[in-house]
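# A structural model of the following input is requested.
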Amino acid sequence: RVRVRGRSDVSGAYDSRLFEYHPEGARILLFFVSFQIKNLVDTIQWNDGPEFIAHHVFAILSAGGGLVPGAFHFYAVFYMGISEISTGILCLLANFDDNLGVEGLSEAFPMVKVVLGSLFLVSFVIIRVFLWGSLTCMYFQDIRNAFRVNHSKLVGGRRTFAWLNSVSLGFITLLQVIWLFEVFRVAKLEMKQ
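Residues are numbered from 1 along each chain as shown. I've put the predicted structure just below:
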């Protein structure tokens, strides 16, 4: 337990979430950096737009920064691992797009498209809205606590990374909100067809 300005006995559990080495988190970060570099190349090649380029750059920097100072591995399991479940479903669903996917696939397997679309919508809302929002609040509370007590592990590059990672998470969280509206817009259009 640590003492925070005006409060006594605030739990020090943030210490393990922010600064402990978690091997599974480190592995996910390594795979995620590779995955995002490939995604960045694809995004540029297929002209997906500046918001996707920015998303991939921020994701690479956040994941890469977590590898270098060995920080935030607890959060890496969710942000760079679990949250990508909805992305995997979206990748499958994209194959049913007549312009960008396999032409005629949606006509050949219309129920598969409906099932994948429904799974994506539900997974996006659960993972990228509810779980993402909860973990993001916990992350920012942990960061606030670490900065308030001037944690001994927040020195040099790690302190800078913590600040930059927080900016990155804020930006990527804003993108989740924008994409939520886009998901609902597309779902509404699909239901009309």
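
# What is the subsequent helix or strand relative to the lowest-mean-pLDDT helix or strand in the chain?
One helix or strand of the chain scores below all others by mean pLDDT, DSSP states H and E: strand 7-10, with a mean of 43. Once the chain leaves strand 7-10, the next helix or strand it forms, by DSSP states H and E, is helix 14-19.

# Now do the helix or strand that that following helix is followed by: distance to the chain's middle.
Next in sequence after helix 14-19, counting helices and strands by DSSP H and E, comes helix 23-45. Helix 23-45 has its C-alpha centroid displaced from the chain centroid by 12 Å (Cα atoms, centre = their mean, to the nearest Å).

# Outside of helix 23-45 itself, list whatever touches it.
Identification of contacts with helix 23-45 by Cβ atoms under 8 Å, 6 or more residues apart in numbering yields 48-49, 52-53, 56-57, 59-60, 63-64, 66-67, 70, 72-77, 80-81, 84. Just so you know, the C-beta spots here come from the backbone N, C-alpha and C atoms, and that holds for glycine as well.

# Report the contact partners of the residue nearest to the spatial centre of the chain.
Centrality entry for the chain: nearest residue to the mean C-alpha point is Tyr79, 4.0 Å, by Cα atoms, centre = their mean. By Cβ under 8 Å, 6+ apart, Tyr79 lies in contact with Ser62, Leu135, Leu169.

# Please report which of those has the highest neighbour count.
Compared across these, Ser62 has the highest neighbour count, 27 neighbours, by other Cβ atoms under 10 Å.
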